[in-house]
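Chemist: Attaching a predicted model along with its sequence, questions to come.
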Amino acid sequence: MNTITISQYNRINLENPEKLKKLKQVCNDFESEVLNFFLKEALNPKSSIFPQSPGEKIYRSMYQEALSKELSGSFGYSELLFNYLKDKT
């Protein structure tokens with residue numbers, strides 16, 4: 001996951017389209033992490049779609065990560081964060 005600190009963010013020149021693209025990606029990555037947290041709770045082992053097996057925890061984790069990345073950018077968290085950070089400079 002790409003990370004950006006507040007001091008690094010403050011140095012970004014948002015007039016540059018590449019910098020806006022990077023900020024948008026970081027916001028999407030953050031949303032992906034938030035969604036991954038929610039999916040861990042939603043797909044708990046007691047009601048899992050995966051059968052009980054030795055590799056179940058690994059497969060569930062991989063599925064949750066892939067699903068959260070696929071869904072990121074469509075829930076609105078990243079858009080709100082992007083607009084807030086973009087307007088702060």
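Modeler: Looks like it came in fine.
Chemist: Just the CA atoms from stretch 78-89 would do, formatted as CSV, please.
Modeler: What follows is stretch 78-89, C-alpha atoms only, in CSV (Å, rounded to 0.1, in the frame of the first residue of the first chain):
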residue,chain,number,x,y,z
SER,A,78,-12.0,8.0,-1.0
GLU,A,79,-13.9,10.7,-3.0
LEU,A,80,-14.7,12.6,0.2
LEU,A,81,-11.1,12.3,1.5
PHE,A,82,-9.7,13.3,-1.9
ASN,A,83,-11.9,16.4,-2.1
TYR,A,84,-11.1,17.4,1.4
LEU,A,85,-7.3,17.0,1.0
LYS,A,86,-7.4,18.6,-2.5
ASP,A,87,-9.2,21.7,-1.1
LYS,A,88,-6.8,22.0,1.9
THR,A,89,-3.9,23.2,-0.2
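Chemist: Report the distance from it to the chain centre.
Modeler: Here the centre of stretch 78-89 is set off from its chain's centre by 15 Å, with C-alpha atoms, centre = their mean, to the nearest Å.
Chemist: just stretch 63-81 next, same as before
Modeler: Relative to its parent chain, stretch 63-81 has a centroid offset of 5 Å by C-alpha atoms, centre = their mean.
Chemist: ditto for stretch 56-70
Modeler: 13 Å.
Chemist: With stretch 27-41 instead?
Modeler: 5 Å.
Chemist: Report the buried residues of it.
Modeler: Buried positions in stretch 27-41, judged by neighbour count with 16 or more other C-beta atoms under 10 Å: Cys27, Asn28, Asp29, Phe30, Glu31, Ser32, Val34, Leu35, Asn36, Leu39. Heads up, the C-betas are built off the backbone N, CA and C, glycines and all.
Chemist: and what of stretch 78-89?
Modeler: Buried residues in stretch 78-89, counted by 16+ other C-beta under 10 Å: Ser78, Leu81, Phe82, Leu85.
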